[in-house]
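1. coords please:
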Amino acid sequence: MHASSLGDDGATLGPLEPGQAEEFLAHMDRGREFIGRYNGLPDVVTDLESSRSYLQAYADKTTADSGRIRGIRFADGTLVGAVILRTMDLAQGVAEAGCWLEPAAAGRGLVTRAARQVIDWAIVERGIHRVEWWVAAGNAPSIAVARRLGMSRDGVLRESYLYRGERHDMEIWSVLAPDWRAFHGNPA
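-> Got it, this is the predicted structure:
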């Protein structure tokens, strides 16, 4: 998966690798509070070493074909977010997708466009049958992305996510490969 266009605004989706740890940390610092409302990543990526370690974990997942991370960039090349396949089990045909953005990038449709590319790749190129989207019930923007992607809400895990001292309900959304193809007009 090389860098690809996300549309007419010049935004792109491309690789994030351990050598980009400084840039990734700067991105996290710019969006730390915003991203951290529902996502624990800002508590994990706190310095250059942890940034490099996080990106290395995804480089290892890429090598093992068990996950991916892709950076979302503005036209000027500024890293403003990412989409991930947090897990990808080829034998079971199941993956879990996720995302985050800095405040400056929110509301532009970038996550929807980026997630569409990553999910399409997982289904079409890697043969994934089911892609899940786990989201805190209070995270309305992420739930809206799941809907725009054509996902269905499978259920709610009540108070299953303890985050910063508060219990959150987690919604599980998913899309199956045949539904994805029908929704997005992709051939079988």
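
2. Give me the distance between residue 94 and residue 126.
-> Distance, residue 94 to residue 126, using Cβ to Cβ, to the nearest Å: 11 Å. Placement of C-beta: from N, CA and C, glycine included.

3. what touches both of the two?
-> residue 88 (Cβ atoms under 8 Å, 6 or more residues apart in numbering).

4. Helices of the chain, start to end?
-> In the chain, the helices defined using DSSP state H lie at 21-35, 41-44, 48-64, 110-120, 140-148, 177-184.

5. what is the orientation angle of the first one with helix 48-64?
-> Counting by axes from the mean of the first three to the mean of the last three Cα atoms, to 10 degrees, helix 21-35 lies at 100 degrees to helix 48-64.

6. still on that earlier bit, closest one to residue 171 among the helices of the chain?
-> Residue 171 lies closest, by Cβ to Cβ, to one member of the helices of the chain: helix 140-148, at 6.6 Å.

7. Show me how far the closest one is from its chain's centre.
-> Relative to its chain's centre, helix 140-148 lies at 12 Å (Cα atoms, centre = their mean, to the nearest Å).

8. Surely residue 68 and residue 61 touch.
-> Yes: if you go by Cβ atoms under 8 Å, residue 68 and residue 61 touch, sitting 6.9 Å apart.

9. Who has more neighbours out of the two?
-> Higher neighbour count among residue 68 and residue 61: residue 68, with 24 against 18, using other Cβ atoms under 10 Å.

10. that older thread, find residues that contact each of residue 68 and residue 61.
-> Residues touching both residue 68 and residue 61 by Cβ under 8 Å, 6+ apart: residue 88.

11. quick one on the thing from earlier: give me whichever of the helices of the chain is most buried.
-> For the helices of the chain, the largest average neighbour count (mean count of other Cβ atoms under 10 Å) is found in helix 110-120, namely a mean of 22.

12. helices or strands next to it in the packing?
-> Counting contacts by 3 or more Cβ pairs under 8 Å, 6 or more residues apart in numbering; DSSP states H and E, helix 110-120 packs against strand 12-15, strand 68-73, strand 79-89, strand 94-101, helix 140-148, helix 177-184.

13. ok, 6 Å please
-> With contacts taken as 3 or more Cβ pairs under 6 Å, 6 or more residues apart in numbering; DSSP states H and E, helix 110-120 sits against strand 68-73, strand 79-89, strand 94-101, helix 140-148.

14. okay, these in TSV with mean pLDDT next?
-> Below are the helices and strands packed on helix 110-120 laid out as TSV (pLDDT from 0 to 100):
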stretch	mean pLDDT
strand 68-73	97
strand 79-89	97
strand 94-101	97
helix 140-148	96
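
15. and of those, who's closest to residue 109?
-> Ranking the helices and strands packed on helix 110-120 by their distance to residue 109 (criterion: Cβ to Cβ) puts helix 140-148 first, at 8.3 Å.

16. Now render the helices of the chain as JSON lines, adding distance to residue 78.
-> Below are the helices of the chain laid out as JSON lines (distance: least, Cβ to Cβ, whole Å):
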{"stretch": "helix 21-35", "distance to residue 78": "8"}
{"stretch": "helix 41-44", "distance to residue 78": "18"}
{"stretch": "helix 48-64", "distance to residue 78": "16"}
{"stretch": "helix 110-120", "distance to residue 78": "12"}
{"stretch": "helix 140-148", "distance to residue 78": "20"}
{"stretch": "helix 177-184", "distance to residue 78": "28"}
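
17. Noted, bye for now.
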